Structures are given as structure tokens and as C-alpha cells.
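Colleague: 3D, please:
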Amino acid sequence: IPQPAILKPRPRWTGKQLISMVIPKEVTLHNGNDKKEDAPLKDEGILIQAGQLMYGLPTKKIVGAAAGGIVHISYNELGAEGAMAFLNGVQQVVTYWLLNNGHSIGIGDTIPDKATIEKVQVHIDEEKAEVARLTAMATANELEALPGMNVRATFENKVSMALNQARDKAGTTTQKSLKDSNNAVTMASSGSKGSSINISQMTALVGQQIVEGKRIPFGFKYRTLPHFTKDDYSPEARGFVENSYLRGLTPSEFFFHAMAGREGLIDTAVKTAETGYIQRRLVKALEDLSARYDGTVRNSLGDVVQFLYGEDGLDAMCIEKQKLGILNMSNAAFKAKYRLDLANPPEWFKQDYEFGNELTGDRPSMALLDTEWEALLKDRRVIRQINKAKMNEEMMQLPLNITRIIESAKRVF
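Modeller: Next up is the predicted model:
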């Protein structure tokens, strides 16, 4: 058991220490490919060093069945046994926590404060006023058609943008008002169930209902339902739900919501059958293929299908997304970081290294380092050429995590 993080008034261990006990020592993970910047003070991003959780929250992306997660790294470093030990450990910790702590969500988690309700209403009113302005312009034939669209399509496009903006603004407002300890927020941020959209629909507004990719169409003559006048193009008449699930929907809102929901159900049923059949056809077509010892992929007759598996010969299980950090670096910065000139080495080289003085001015070593520097420059040029299409994105899919191998070697030796 590690030393407790809190010693007084009584010894206490943190949750991070507890979870670190089940993470294998071989696991080193930084930021988990997250878009957010590292913010240790806010506990954003994630850093695991030699099996110790330094900061961040282990979410579904880090602990779940995702590429580059702890399970993936454990399997690559330690094999099935190591990954199984981690999963068993996590299961014990989590079930014990749930047994003693529990997790519950109630209607109280969806109730916003008065100020938030007022702000949401302001956002809705602003965008509804914008829709009224667009409707007046279209009626007076003053609306200019966008390229490749007629006036009606332009009107629909601009109205949809305005209403979506209302939903997004209201959603952002409610997200900011909810505390981190809110159970709905906890579920969404950990990745166990739901998303920020679900939370904003429960607390702020449900938003525009879509059927066949458009707003609710006129099913009757020039109107969506008999409850509206003819030629009513207002947001309410075309399926905009400005109530939240908490406040409850009006009968017409409920009907539009049921229409969009019905389409979703039908889509799900049809897609399941379609994808299942596509998968079956693929399996039947590919079931006799195998990767042979000469690296080729052949069918049961021995005909070559691929000369190299996947055309790169890499096992997809071992591939990890890694940040190179050298593609967008300037030539001067690259040289400063990776070029070591033994004819005139920096002061730290002589001080920090045992043989620093002996290596200074040593010709064979200089030739060796010059060769290495040329190789680094050449490799950088090649990778930049490969990555040109991706605008020199620093993240690349690579079959070996060199950084982790070096870190593991440092720890062991």
C-alpha cells in the first residue's frame, strides 16, 4: 500500500492513489488523444506515468474498449494476462465504490436556476425575432437567394441556422450553470450514458424536430396541423419545440416530437436489417482468406489477394495514435533540440554526462552524430511528404510506441 496522500488529522488515501494500484506499472499515457488542453489544476486531460494517475479522470475513452486506452496498452505491453489483471482490479474497485457510495439520478439534476431559465428565454426570443425578420423579408420578396439555391431553400436554410443557434446557445448556458457534481453531468462526462445534448434537452429546450432532413412539412393543405392557420411558417408551426422535457411539451410540440421519433425508430429497424445483410455478404466473400507465412493474403485456392497484408503488413491491434511533435517545428527549433555538435558542445553536456569531456572533439563520435543528424533530417522530410495531404498533422498511426519503450527502459535500468 502506498504512503497516504493526507497524513493529518488521520491517514487518508485519494481516489487517484486507489485507482493507480490497479493500473499496470508499464502503462504510460498522456492526454488520451483529447482535444482539450492539459490543465492539471482543473483535472482536464489525463496523465499516467509508470502506472500512477497524476491528473485527469479515467473516462470510458481511457478505460473502455477504445484504441490507445489503458486496456489496449496493457495488452500490447503485458499480453492477455496483464490486461485481464487490470480489468479484474478495476471491476473490484468500482463495484466496491458503487456498493458503498452508489450513483443515482433524479428530476432535481435537471432543474436549472431562475437566472439560467431567463437567459435561455432571451436566446429563444432573439432567434425567434430573427426568424420573423427572415419571414417578413421572404414575404416582401427581399430575400436574396444563396448560390445554388432558390429563395425558398435559402429561407429554410437561414431559419434552420437561426433555430439551431438558439438550441446551441441555450445548451451552452445550461451547461455552464450545472455543477460538476451534478449526476447527469457526471454520467455524460465519464461517458457511461448520455451526452451534453441530452442534458440541454432536459433542462433548456428540445429544439427543432427534423423529418426526412427538413423541418416538419405541410401534411395538410398549406399547414402542418389543423391547430395552425394556413401558410404559417413560424418556428412553432414547423416543429420547433421551445419547451424542455422538464417543463413538458404542448400537444402540437408533442405530436411533432412523435413524428421525428417515429422516423428514428423506423430508421433503426431498417438499418439493422441492412447492415446485418451487408455484413453477412462480406463474411461469406472473405471467409476463406488467410495471411500466410510469406506475408501474402491468399484464398483457399492459393490465389494471391494481397501481396502484403493490408498493403502495409501492420497488425492493426498494435497500432497506436501518437504525436510526433517534429513536423510543424521550424528548422532552427529542430536543430536546437536534436543536433549535438561535439566540436562545440553546450555546457550541460560536459557537466551532466560522465564521458562529456572525453567525447568533446572526438572525431569518430562526431561522424556518428553527423550521420544520425542527416538520417533525422531525411526521415523528417519523408514523413512530411507522406503527411502533406493531412496538412502535416502531428498525430500519426504507428505500430510501435518508441517513447514508452524508452521510458520503460529508463525505469527498469
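
Colleague: Flag every buried residue along the helix of greatest length in the chain.
Modeller: Taking DSSP state H as the criterion, the chain has its longest helix at helix 251-286. Residues of helix 251-286 classed as buried: S252, E253, F255, F256, H257, M259, A260 (neighbour count, 16 or more other Cβ atoms under 10 Å). C-beta coordinates here come from the backbone N, C-alpha and C atoms, glycine included.

Colleague: residue ranges with poor pLDDT in the chain?
Modeller: 32-37, 392 (pLDDT under 70).

Colleague: where exactly do the helices run in it?
Modeller: Listed in chain order, the helices of the chain (DSSP H) span 15-20, 60-63, 70-100, 114-139, 151-177, 183-190, 196-203, 251-286, 331-338, 347-352, 356-359, 363-386, 402-412.

Colleague: in stretch 5-23, what counts as buried?
Modeller: Counting neighbours by 16+ other Cβ under 10 Å, the buried set in stretch 5-23 is K16, Q17, I19, S20, V22, I23.

Colleague: Out of the residues you listed, which is nearest to L286?
Modeller: Nearest to L286 among these, counting by Cβ to Cβ, is I23 at 37.2 Å.

Colleague: Backbone dihedrals for the closest one, please?
Modeller: Backbone torsions of I23, given as degrees, to the nearest 10, read phi -80, psi 130.

Colleague: Near the residue nearest to it when sequence neighbours are not counted, how many other residues are there?
Modeller: Spatially, and ignoring its direct neighbours in sequence, I23 is nearest to G51 (4.5 Å; Cβ to Cβ, 6 or more residues apart in numbering). For G51, the neighbour count with other Cβ atoms under 10 Å is 19.

Colleague: just the one 5 residues further on next, same as before
Modeller: The tally of other residues near G56 (other Cβ under 10 Å) stands at 24.

Colleague: That one reaches G45, doesn't it?
Modeller: Yes - here G56 reaches G45: they are 5.5 Å apart, a contact under Cβ atoms under 8 Å.

Colleague: Tell me the one among the buried residues of stretch 5-23 nearest to I197.
Modeller: Of these, the one sitting nearest to I197 (Cβ to Cβ) turns out to be I19, at 28.9 Å.

Colleague: list the contacts for the closest one?
Modeller: By Cβ atoms under 8 Å, 6 or more residues apart in numbering, I19 lies in contact with L53, P58, V90, V93.

Colleague: Please verify my assumption that L398 contacts D312.
Modeller: No - at 11.1 Å, L398 and D312 do not qualify as touching, with contact defined as Cβ under 8 Å.

Colleague: ok, and what's touching stretch 386-404?
Modeller: For stretch 386-404, contacts defined as Cβ under 8 Å, 6+ apart pick out 26, 28, 33, 73, 76-77, 314-315, 318-325, 327-328, 383-384.

Colleague: which of those count as buried?
Modeller: For those, buried by 16+ other Cβ under 10 Å: E26, T28, N33, I73, N76, E77, I319, E320, Q322, L324, L327.

Colleague: of all those residues, which comes closest to T172?
Modeller: Out of the buried ones among the contacts of stretch 386-404, the member with the shortest distance to T172 (by Cβ to Cβ) is N33, at 24.1 Å.

Colleague: burial of T203, as a residue count?
Modeller: T203, neighbours per other Cβ under 10 Å, totals 27.

Colleague: Contact partners for it?
Modeller: Applying Cβ under 8 Å, 6+ apart, the residues near T203 are T110, I111, P112, T116, T174, L178, S244, L246.
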